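Novice: quick check, what structure comes out for this input:
(one chain, ligands or ions: 2)
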Amino acid sequence: MAKAFSSGIYNSNRWRKTAKAYAESQHYVCERCQNRSFAGTGKPAHFIVHHKEHLTPENVHDDYVVYGWDNLELLCIYCHNAVHAGGIDRECRFDDDGNPVAIIDHGKH
Ligand SMILES: [Zn+2]
Ligand SMILES: [Zn+2]
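Specialist: Ligands and ions are numbered 1, 2, ... in the order given. Take a look at the predicted model:
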């Protein structure tokens, strides 16, 4: 069955640790709009760790692209939706305790 090329990464412990550490380093403040309304509210669920250079089948094996902090950006859900415009739901989301949430492959039902 064809799975999204990136779903293995987003479900990996390495990615979850990287994303959580990065989000905490940014104190859950959106890097684009500096939206602080969510910060300190205990609602990290409103943030997503985004890859500036979007993952593709070609770069998905490049650790620098996937796990390097230089390619990560912490975005609130509003900015993230704007970035992707069409809506990609495969990057790192958090629950309200700041724990990365498992990515569900919506492609198959
Ligand atoms: Zn924002
Ligand atoms: Zn994104």
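Novice: need the longest helix for the protein.
Specialist: Identified as the longest helix of the chain according to DSSP state H is helix 13-25.
Novice: next, the buried residues of that helix.
Specialist: Trp15, Arg16, Thr18, Ala19, Lys20, Tyr22, Ala23 (16 or more other Cβ atoms under 10 Å). C-beta coordinates here come from the backbone N, C-alpha and C atoms, glycine included.
Novice: put the alpha carbons of that helix into PDB.
Specialist: Extracted C-alpha coordinates of helix 13-25, given in PDB (Å, rounded to 0.1, in the frame of the first residue of the first chain):
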ATOM      1  CA  ASN A  13      10.700   9.000  18.000                       C
ATOM      2  CA  ARG A  14      13.600  11.000  16.500                       C
ATOM      3  CA  TRP A  15      11.300  13.400  14.800                       C
ATOM      4  CA  ARG A  16       9.000  13.800  17.800                       C
ATOM      5  CA  LYS A  17      12.000  14.600  20.100                       C
ATOM      6  CA  THR A  18      13.400  17.000  17.600                       C
ATOM      7  CA  ALA A  19      10.100  18.800  17.100                       C
ATOM      8  CA  LYS A  20       9.300  19.000  20.800                       C
ATOM      9  CA  ALA A  21      12.800  20.300  21.700                       C
ATOM     10  CA  TYR A  22      12.500  22.900  18.900                       C
ATOM     11  CA  ALA A  23       9.000  24.000  19.900                       C
ATOM     12  CA  GLU A  24      10.200  24.400  23.500                       C
ATOM     13  CA  SER A  25      13.200  26.300  22.400                       C
END
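Novice: contacting residues for the closest residue to ligand 2 within the chain?
Specialist: The nearest approach of the chain to ligand 2 comes at His50, 3.4 Å away (Cβ to the ion). Contacts of His50 were listed using Cβ atoms under 8 Å, 6 or more residues apart in numbering, and they are Leu72, Glu73, Leu74, Leu75, His80, Val83, Glu91.
Novice: quick one: it is in a strand?
Specialist: Yes: counting by DSSP: H, G, I helix; E, B strand; the rest coil, His50 is found in a strand.
Novice: quick one: pLDDT of the nearest residue to Cys33 once chain neighbours are set aside?
Specialist: The shortest distance from Cys33 to any non-neighbouring residue, by Cβ to Cβ, 6 or more residues apart in numbering, is to Cys79 (5.6 Å). According to the prediction, Cys79 has pLDDT 84.
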